[in-house]
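Asks: build the 3D model from these lines:
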Amino acid sequence: MQDRGHHSTDGTDGGELTVPMAWLYAEYIAEELLRTGDLMPPTSFEFRAGRDALALTIFLSDTSGELSGIRVVSQLETWLSLTAYDQPWQDWVDERLAQLIAETAASGAPAPDLDLARAAWRWLEETELLAPDLNAVPGGAAPASEDDGPKVWTPAWQLGLPLGHLAIHLF
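Replies: Have a look, this model is predicted:
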């Protein structure tokens with residue numbers, strides 16, 4: 001049995017696991033926004049792409065380092081502006097991750113939240129999902145269903161970002 005008197009409560013003493021609460025909370029908020037919007041089945045890759053894109057937005061926009069449940073509603077406008085179609089979201093994510101990586105390296109502290117955010121970003125960049133080609137020019141009659149139209153392999157973040165944006169609007 002461990003003597004709890006010799007360990008800190010934040011899990012940073014004695015080689016204990018540091019729980020990535022900021023990332024897990026950002027992921028929870030993103031998932032709740034997407035579930036409320038009821039845009040995709042929660043088991044789909046599209047849902048995961050939306051959740052990860054939205055969680056990255058939530059996590060990286062938290063410059064104070066404290067995701068507060070009380071502030072969620074007040075942050076919706078910020079998240080909407082960051083995920084808007086005409087914004088350079090991908091560049092913003094790269095810049096914020098680089099900034100956080102540099103800050104973490106300078107402090108030498110463990111960064112499990114940042115590790116999970118980087119893994120989510122890597123998945124969003126490297127994974128491609130088959131999606132309707134929204135840039136295709138229809139050549140005649142409209143397809144009988146959404147599944148009949150032209151499709152294109154799309155990076156997951158390009159599918160997830162508009163889903164996340166729409167979920168915020170629907171909330």
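Asks: secondary structure class for the closest residue to residue 42 other than its chain neighbours?
Replies: Counting by CB to CB, 6 or more residues apart in numbering, residue 35 is the residue found nearest to residue 42 once chain neighbours are left out, at 6.5 Å. The C-beta positions use only the backbone N, C-alpha and C, and glycine is treated the same way. On the three-state scheme (DSSP: H, G, I helix; E, B strand; the rest coil), residue 35 is labelled helix.
Asks: residue 35 - how many residues pack around it?
Replies: Neighbour count of residue 35, defined by other CB atoms under 10 Å: 14.
Asks: try residue 47
Replies: Using other CB under 10 Å, residue 47 has 19 neighbouring residues.
Asks: residues touching it, list them.
Replies: Residues in contact with residue 47 (CB atoms under 8 Å, 6 or more residues apart in numbering) are 34, 39-41, 163.
Asks: now do residue 114
Replies: If you count contacts by CB under 8 Å, 6+ apart, residue 114 has them with 23, 97, 100-101, 104.
Asks: 10 Å - rerun?
Replies: Residues near residue 114 by CB atoms under 10 Å, 6 or more residues apart in numbering: 20, 22-23, 59-60, 97, 100-101, 103-104.
Asks: which of those lies closest to residue 167?
Replies: The shortest approach to residue 167 among the contacts of residue 114 belongs to residue 59, at 16.0 Å (CB to CB).
Asks: part of a strand, is that closest one?
Replies: No: with three-state DSSP as the criterion, residue 59 is helix rather than part of a strand.
Asks: quick check: closest non-adjacent residue to it.
Replies: Nearest one to residue 59, counting by CB to CB, 6+ apart, is residue 26 at 3.9 Å.
Asks: how about residue 100?
Replies: Nearest to residue 100 is residue 114, by CB to CB, 6+ apart, at 5.4 Å.
Asks: in what helix or strand does the one you found lie?
Replies: Using DSSP states H and E, residue 114 falls within helix 112-126.
Asks: ok, and what's touching whichever helix or strand comes after that helix?
Replies: Downstream of helix 112-126, the next assigned helix or strand under DSSP H and E is strand 128-132. If you take CB under 10 Å, 6+ apart as the criterion, strand 128-132 is touched by 44-46, 48-49, 143, 146-160.
Asks: so how far is the lowest-mean-pLDDT helix or strand in the chain from its chain's centroid?
Replies: Within the chain, no helix or strand scores below helix 72-83, which has a mean of 86 by mean pLDDT, DSSP states H and E. In terms of CA atoms, centre = their mean, to the nearest Å, the centre of helix 72-83 is found 13 Å from the chain centre.
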